[in-house]
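Colleague: Build me a model from this:
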Amino acid sequence: MTDIDLQLDHVAEAAKVIDPVFLNSPQYSDEQLNDRLGRRVLVKIETLNPLRSFKGRGAEYFAAGLEPGTTVVCGTSGNFGQAVAFAARKYGLRAELFVPAGVAPVKLRRMKALGARVRRVEGEAKVAAAAFAAEAPDRVFVVDGREPAISEGAGTIGMELARVKGIDTVVLPVGDGALIAGVALWLKAHSPDVRVVGVGTTSAPAMERSWKAGKPITADRANWFAGGISIRTPEPESVRRLRSLIDDFVLVGDDDLRAAMRLGAETLGVVPEPAGAAGLAALTVHDIPGDFAATVVTGANADLSVLGMAG
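Modeller: Predicted coordinates:
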């Protein structure tokens with residue numbers, strides 16, 4: 001891992017910087033879930049915080065390094081935007097968020113409620129955000145899968161998972177790659193025999209194709225159903241990290257995600273958003289090796305209409 005631009009000591013530092021509300025989230029093995037999956041699984045719930053997702057960890061660690069008064073600009077499908085808005089408010093920053101026109105309404109409402117200025121755009125939100133950031137020197141363009149500090153903040157999840165003995169496989173949703181890179185960095189250093197598996201969607205396979213090719217591959221999204229892991233072109237830095245750090249990459253379909261959302265609701269009492277249920281979906285439909293697997297329910301900002309429930 002000598003070519004990786006992430007640092008273990010930064011992950012340890014992040015655990016001291018990040019707001020405790022995001023740290024030490026519940027992680028446990030649920031007998032009903034084990035029975036449904038036919039295997040022993042540790043589940044980590046990253047939804048019981050003010051953002052309903054894991055994104056606060058990385059955004060907090062990144063924002064802590066900025067000067068007060070800075071304007072943070074990003075393109076986002078929603079959860080990272082909420083995290084940037086939350087961290088900006090805490091550290092005296094301003095947040096300008098660019099989102100796709102089809103962003104989930106629940107995420108749009110929550111970003112605005114956190115005090116960010118939100119701009120809905122046609123086309124690539126990240127491209128619009130980059131152009132806006134370039135117009136003024138006090139604007140910092142932040143890209144979720146690119147900034148090392150964001151992965152290092154997310155790596156605190158790996159610190160917490162590593163406290164549980166016997167885990168041999170960790171299965172994680174992959175969008176921009178910040179989460180799995182940070183977690184894998186810590187696990188490979190402290191539990192090198194643990195196998196790390198990424199999960200993407202068949203409707204947005206860009207990262208899976210990029211991981212296989214060893215370079216960014218653009219792939220059009222069929223839809224925005226799993227917005228949190230539906231990227232079009234991965235960041236080169238993220239592809240490089242994942243090539244060095246993860247062992248396998250699988251894809252799941254939209255129907256698999258819907259079934260996993262219901263599985264989470266029925267066994268864990270948590271309704272994940274589609275992207276947040278990707279680990280559960282992969283453990284359901286793929287024959288992933290391991291006697292004791294772990295996964296993370298990464299987000300619960302779900303549009304409940306996808307499950308036939310009122311929004």
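Colleague: The residue positioned nearest the centre of the chain and residue 154, how far apart?
Modeller: The chain has residue 179 as the residue nearest its centroid, 5.1 Å off, counting by C-alpha atoms, centre = their mean. Distance of residue 179 to residue 154, given as C-beta to C-beta, to the nearest Å: 5 Å. For every residue, glycine as well, the C-beta is placed using N, CA and C.
Colleague: again, but for residue 222
Modeller: Residue 222 is 27 Å from residue 154, by C-beta to C-beta.
Colleague: now swap in residue 99 and tell me
Modeller: In terms of C-beta to C-beta, residue 99 sits 21 Å off from residue 154.
Colleague: More neighbours: which of the two?
Modeller: It is residue 154, of residue 99 and residue 154, that has more neighbours when counted by other C-beta atoms under 10 Å, with 33 against 25.
Colleague: I figured that one hits residue 56, correct?
Modeller: No: Residue 154 is beyond contact range of residue 56, at 9.8 Å (criterion: C-beta atoms under 8 Å).
Colleague: Could you name every residue contacting both of these two?
Modeller: Here residue 154 and residue 56 share no contacting residue, scored by C-beta atoms under 8 Å, 6 or more residues apart in numbering.
Colleague: okay, and the common contacts of residue 179 and residue 154?
Modeller: 54, 58.
Colleague: hang on, residue 88 packs against residue 94?
Modeller: Yes: applying C-beta under 8 Å, one finds residue 88 in contact with residue 94, separated by 6.2 Å.
Colleague: Quick check: neighbours shared by these two?
Modeller: residue 72.
Colleague: more neighbours, these two?
Modeller: More neighbours surround residue 88 than the other of residue 88 and residue 94, with 23 against 18 (other C-beta under 10 Å).
Colleague: Secondary structure element holding residue 282?
Modeller: For residue 282, the element it lies in under DSSP states H and E is helix 278-285.
Colleague: Check which helices and strands the helix or strand that comes right after that helix is in contact with.
Modeller: Moving toward the C-terminus from helix 278-285, the next helix or strand (DSSP H and E) is strand 292-297. With contacts taken as 3 or more C-beta pairs under 8 Å, 6 or more residues apart in numbering; DSSP states H and E, strand 292-297 sits against strand 40-45, strand 169-173, helix 278-285.
Colleague: Right, I'll leave it there.
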